[in-house]
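Participant: got a predicted model here, sequence first, then my questions.
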Amino acid sequence: MSFDRGPREMHKAVCAKCGKECEVPFQPQEGRPVYCKECFVPKKRW
């Protein structure tokens, strides 16, 4: 079974931590921070 949906639609955003312009695979929402690849660190669950 294949789940290939084709290319993802990317949306421009500004990183809440460093201020760098980046692209994310979701529509950014006002009031919710967006982080670039360099600043995003997934939270570890123990």
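Facilitator: Now that the structure is in, tell me what you want to look at. Numbers count the residues shown, from 1 in each chain.

Participant: bridging residues for the residue positioned nearest the centre of the chain?
Facilitator: In the chain, the centroid-proximal residue (Cα atoms, centre = their mean) is residue 24; its distance is 3.7 Å. Using DSSP bridges, the beta-bridge partners of residue 24 come out as residue 11.

Participant: isn't residue 8 right up against residue 24?
Facilitator: No: checked against Cβ atoms under 8 Å, the pair residue 8 and residue 24 is beyond contact range at 9.7 Å. Where you see a C-beta, it was placed from the backbone N, CA and C, and this is true even at glycine.

Participant: low-confidence stretches in the chain?
Facilitator: Scanning the chain for pLDDT under 70 picks out the ranges 1-3, 43-46.

Participant: any idea how far the nearest residue to residue 25 once chain neighbours are set aside is from residue 27?
Facilitator: In this structure, residue 25 finds its nearest non-sequential neighbour in residue 8, 4.6 Å apart by Cβ to Cβ, 6 or more residues apart in numbering. Distance, residue 8 to residue 27, by Cβ to Cβ, to the nearest Å: 12 Å.

Participant: please enumerate the helices of the chain.
Facilitator: Read by DSSP state H, the chain holds no helices at all.

Participant: what segments of it are strands?
Facilitator: With DSSP state E, the ranges of strands along the chain come out as 11-14, 21-24.

Participant: could you dump the first one to PDB, C-alpha only?
Facilitator: Output for strand 11-14, consisting of C-alpha atoms alone and laid out as PDB, is shown next (Å, rounded to 0.1, in the frame of the first residue of the first chain):
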ATOM      1  CA  HIS A  11       3.900  27.900   3.700                       C
ATOM      2  CA  LYS A  12       6.200  30.800   4.400                       C
ATOM      3  CA  ALA A  13       6.700  31.700   8.100                       C
ATOM      4  CA  VAL A  14       9.100  33.600  10.400                       C
END
